[in-house]
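> A structural model of the following input is requested.
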Amino acid sequence: MLPELIAASIPSPSEGVWHIGPFPLRGYALCIILGIVVAIWIGERRWAARGGRVGEIQDVAIWAVPFGLVGARLYHVATDWEKYFGADGSPVDALYVWHGGLGIWGGVGLGAVGAWIGARRKGIRLAPLLDALAPGVLVGQAIGRWGNWFNQELYGRPTDLPWGLKIDSDHFSSAYLASKDYQDALAANGGLVPEFATFHPTYLYECLWNLAAFALLIWLDRRLRLGHGRVMALYVMAYTLGRGWIEYIRIDDVQLNDVLGLRFNVWTSVVLFVLAAAYYVWASRNRPGREESVYVDGRNDPADDSTDDRADEPADEPSGDASAEPAGDPVDEPAETEDVTEDASTASDD
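Below is the predicted model:
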């Protein structure tokens, strides 16, 4: 594929690291951090709307985020172990997270363990917590995928489509170098390694898919008032459905490419989709609607705050001497009590 024959393409950044004095600022890390921040922000808003306290998602994130990052890295290393522990591998490189390589399912799995620990410490039910977090995680993943753009990694098969992603020859994957497409590119370039080639921008496909799935989850949640983990189940179903076809067109260095004719991550998506769909059907039949409280046994429910604050106040009791009270008071007091009750119920609905 000659560069001059490519009419249009998506450029890759010339570099993904900028130095501020001795400190490197990496585009990959910035995308991951921004994605986490946005996911927490969306989760906070959804958690408050479901009856939780503002700030609790941040408290849970202190546990969930580190667990998730460790899990994501472990999953990547496990599915690409020869790169680190093979004959030509370097085990130390497994620690270099900034070079790229975070497996989403390891992040979701171990991140959920961290969220469970944080939830237990706060007396929070795990199912409504995951339902509140799931849509924001999709947006966080959409943002985080742009880190692959900065690193020029995890792209798809070669293409000459106008939105083909331009990849420098230094970042050609081993799978591409071993392919017939690469041999054809060499022949077309007079036997010389082409300066670059264009590939399917799978990071962009996944970003757009995740944003569409986010909109779908928000719409379904509002329309059906989903609860008991069903939003989380829909998240898994929506993400795996997109990841399955996107993974199928990728061409990268992952070693576990083929298991019974399919890439390992495609099988992972298929299995998780089936499990999530089964849980959604079961929960819809056995636990319809939403939880009455997002807290364990209703403890720490914000709706109880107004009651607790007024519990120590002395109740207004009749003095027994009707003549000592103004004539209009018995009529005004019920109206005042009714206003307080109405205000409390309104605050509870918010």
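
> could you find the closest non-adjacent residue to the residue nearest the centre of the chain?
What sits nearest the mean C-alpha location of the chain, by CA atoms, centre = their mean, is Val137, with 1.9 Å. Spatial nearest neighbour of Val137, excluding adjacent residues (CB to CB, 6 or more residues apart in numbering): Ala39 at 5.2 Å. Every residue, glycine included, has its C-beta placed from N, CA and C.

> check which element follows the strand or helix carrying that neighbour along the chain.
Ala39 is part of helix 27-49 when elements are defined by DSSP states H and E. Using DSSP H and E, the next helix or strand after helix 27-49 towards the C-terminus is helix 56-79.

> which helices and strands does that next one pack with?
helix 27-49, helix 104-122, helix 126-144 (3 or more CB pairs under 8 Å, 6 or more residues apart in numbering; DSSP states H and E).

> buried stuff in the longest one?
Residues 27-32, 35-36, 38-40, 42-44, 46-48 are the ones in helix 27-49 that count as buried (16 or more other CB atoms under 10 Å).

> do the last one as well
By neighbour count, with 16+ other CB under 10 Å as the criterion, the buried positions of helix 126-144 are 126-144.

> what's the answer for stretch 232-248, then?
Neighbour-count burial for stretch 232-248 [16+ other CB under 10 Å]: 232-244, 246-247.

> again with stretch 166-176
By neighbour count with 16+ other CB under 10 Å, stretch 166-176 contains the buried residues Lys166, Ile167, Phe172, Ser173, Tyr176.

> need the residues that contact it.
With CB atoms under 8 Å, 6 or more residues apart in numbering as the test, stretch 166-176 has contacts from 6, 9-12, 151-153, 155, 158, 182, 193-199, 251-253, 257.

> low-confidence stretches in the stretch 201-350 of the chain?
253-260, 298-350 (pLDDT under 70).

> correct me if wrong: Leu217 contacts Leu133.
No - taking contacts as CB atoms under 8 Å, Leu217 lies outside contact range of Leu133: 11.2 Å.

> thinking again about what came up before, and the helices and strands packed on helix 56-79: which comes nearest Gly68?
Nearest of those to Gly68, taken as CB to CB: helix 104-122 at 2.9 Å.

> residues contacting that closest one, please?
With CB under 8 Å, 6+ apart, helix 104-122 has contacts from 56, 59-76, 78, 124-126, 129-130, 133, 137, 141, 239, 243, 268, 272, 300.

> between helix 126-144 and that helix, find me the angle.
140 degrees (axes from the mean of the first three to the mean of the last three CA atoms, to 10 degrees).

> the chain should start at 19 in everything you say after this.
I'll keep to 19 as the first residue from here, and by that count the last item is helix 122-140.

> what's the mean pLDDT across helix 122-140?
Mean pLDDT, helix 122-140: 91.

> tell me which residues in that helix are buried?
Buried, per 16+ other CB under 10 Å, within helix 122-140: 122-130, 132-134, 136-137, 140.

> cool, and stretch 74-92?
74-75, 78-79, 81-83, 85-92.

> for the residues you listed, which one is nearest Val110?
Nearest to Val110 among those is Arg91, at 13.5 Å by CB to CB.
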